[in-house]
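>>> Okay, sequence plus prediction incoming.
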Amino acid sequence: MSMVELPERLVGVPIHMVGIKGTGMCALAELLSAQGARIRGSDTADQFYTDAILKELRIPVQEGFSAQNLLPDTKLVIHSAAYDPGSHVELLRAREMGIPIIKYTDALGAYSRRFDSSAVAGVHGKTTTTALVGTILKELNLPAQVLAGSGVSNFNNRSTLILGNTFFVAETCEYRRHFLAFSPRRILLTSVESDHQDYYPTYESIRDAFVEYAQRLPQGGLLIYCYDDAGARDVADRIGALRPDIQRIPYGKTAEGPFGVTAVRQGEECTLFSLRGMEGEFSLSVPGFHTVLNATGAIALVSSLLATFDGKADGFTEILPELWTASRLEALRRGLASFRGSRRRSERIGEAQGILIMDDYAHHPTAIKTTLAGLRAFYPRRRLIVSFMSHTYSRTASLLDEFAASFYDADMVLLHAIYPSARETYTGGVTGKTLFERAASLYPAVYYFDDPLEALPFLQRTLRPGDLFITMGAGDNWKLGRALYEALRNQEKTGEN
């Protein structure tokens, strides 16, 4: 397969990016800009959290698409997958001008070949794990760059971290096999199960995509995988048979070896855990055992990077005490303890009138269950109220029973209309009310509001001090949590009850 490459020398190269406000595109713009490229871009006039980042980076953005946005000196055009080169006005103009055009995933893949690159992959946990890797690398001050799939508090709320030019760690996406453009030497695999049913109709089809990805590791490459996850274990077993040269490193509660989790205990709004091959105890302030697993995978990957940095890459699991000196262990503990998560991953919006408001991107039954279980353990004295907006009709229909059963740890559930995807065509009969009826047959306190914001008066009447309210899903019900927070804060200011 021929691979798209970026110009060998990026300094001074004018690059135009179509759809530059997207999280991944904005992050790539920052990385390319740091390499000296002259970045500019275009997008809709809608406001995103990336607007502030692009402004701070002094990257000019044209709001609205036009053929005139393509300046004569442009040497390369990178576009979001949301835009079709066969119909988008700027991409058509670029073709007329003879300017090379590449899509975001191919550009990211080309960027990965400029460094010693590692990938974080999996159906769940990619963003948090990548953010944890970056947070640890930052404390260790290793010469690395990191790209996560969302803004990270420890990255100054950006999705990129730039510490140097030796290593590159990126979150890579399985949808439509986008991750196959990436060229990693190491893959950290968090989880594999059925998802993206519009593209992967069966578990086997999505599993095989991860197997194909892992097979692309170079001779002697490294696969770090969560042994607790049946799908990740399945992929690792198949890679063991297909590519015995690839080193497989398991981690998790049930894993043998140095990255086995040997003890977990709940502190006061923190989780403490120990690893078989590491000295002492580690503390996390982000809820959930799944966060412990993500942190353990991150430690395993960073251990490999440390070994490479020290020139001791072979058999690094045998020399962990040598790699993790006292000062490095202290940096690791400091990084884990300081980690505050990433945007839309158990994100604290704020607390007002004694009500804690959070937001989470969980949009798959497994992610919902693990997140709610983690919150229940982390905040045992709080009542847990959930607003969930399902994303895509195909996913909701395929996993209807699993979705309905995923709210076990919630005290109250608010459901809404399904948030559709422009990429799917659905002709079945499943709606948000279908999920509501299924969930209402299982739990006593389930309510339906077609539009999430319609639930605001109900919440203002129902919530009480000590409650935890969380919006979950890949839709736009996050607006409800922010509207609630602002309403409660305004009531505090005016002294209303």
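Right, received. Where do you want to start?
>>> could you pull out the strands for the stretch 1-150 of the chain?
Applying DSSP state E, counting those that start in this stretch to the stretch 1-150 of the chain gives strands spanning 14-18, 38-43, 61-63, 76-79, 101-103, 116-121, 144-152.
>>> now do the stretch 301-450 of the chain
347-352, 355-360, 384-389, 412-415, 446-448.
>>> helices or strands up against the shortest one?
When contacts are defined as 3 or more Cβ pairs under 8 Å, 6 or more residues apart in numbering; DSSP states H and E, strand 446-448 packs onto strand 412-415, helix 432-440. Any C-beta I mention is one placed from the backbone N, CA and C, and that applies to glycine too.
>>> Who's the closest spatial neighbour of R38, skipping the chain neighbours?
Leaving aside its sequence neighbours, R38 sits nearest to P14 (Cβ to Cβ, 6 or more residues apart in numbering; 4.7 Å).
>>> wouldn't the one you found be in contact with G36 here?
No. Between P14 and G36 there is no contact under Cβ atoms under 8 Å: 11.4 Å.
>>> Show me which of those two is the more surrounded one.
Comparing P14 with G36 by neighbour count (other Cβ atoms under 10 Å), the higher total belongs to P14, at 15 against 11.
>>> And the residue nearest the centre of the chain, how close does it get to L293?
By Cα atoms, centre = their mean, the chain has its centre lying nearest to T127, at 2.4 Å. Going from T127 to L293 by Cβ to Cβ, to the nearest Å gives 14 Å.
>>> before we move on, back to that, does the residue nearest to the centre of the chain really touch E171, like I thought?
Yes. T127 is within contact range of E171, at 5.9 Å (criterion: Cβ under 8 Å).
>>> residues bridging contact with these two, i.e. touching both?
Taking Cβ atoms under 8 Å, 6 or more residues apart in numbering as the contact criterion, the common neighbours of T127 and E171 are 148-149.
>>> Nearest spatial neighbour of R348, chain-adjacent residues omitted?
Of all residues not flanking R348 in the chain, M358 sits nearest, at 5.6 Å (Cβ to Cβ, 6+ apart).
>>> Let me see the contact set for E281.
263, 272-274.
>>> Against A439, how distant is it?
For E281 relative to A439 (Cβ to Cβ), the value is 39 Å.
>>> Same question for G240.
For G240, the distance to A439 - Cβ to Cβ - is 40 Å.
>>> Any buried residues in stretch 168-187, and which?
The neighbour-count check on stretch 168-187 (16 or more other Cβ atoms under 10 Å) flags 168-175, 177-187 as buried.
>>> likewise stretch 89-105?
89-94, 99, 101-105.
>>> picking up where we left off before, which of the helices and strands packed on strand 446-448 is buried the deepest?
strand 412-415 (a mean of 26; mean count of other Cβ atoms under 10 Å).
>>> Give the other helices and strands that it contacts.
Short answer (3+ Cβ pairs under 8 Å, 6+ apart): strand 412-415 packs on strand 384-389, helix 432-440, strand 446-448, helix 456-462.
>>> Give me the contact list for stretch 285-297.
If you take Cβ under 8 Å, 6+ apart as the criterion, stretch 285-297 is touched by 124-125, 128-129, 132, 188, 190, 224, 226, 228, 251-253, 259, 261, 264, 269-271, 273, 275, 282, 284, 336-337, 339-341, 345-346, 370-371, 373-375, 377-379.
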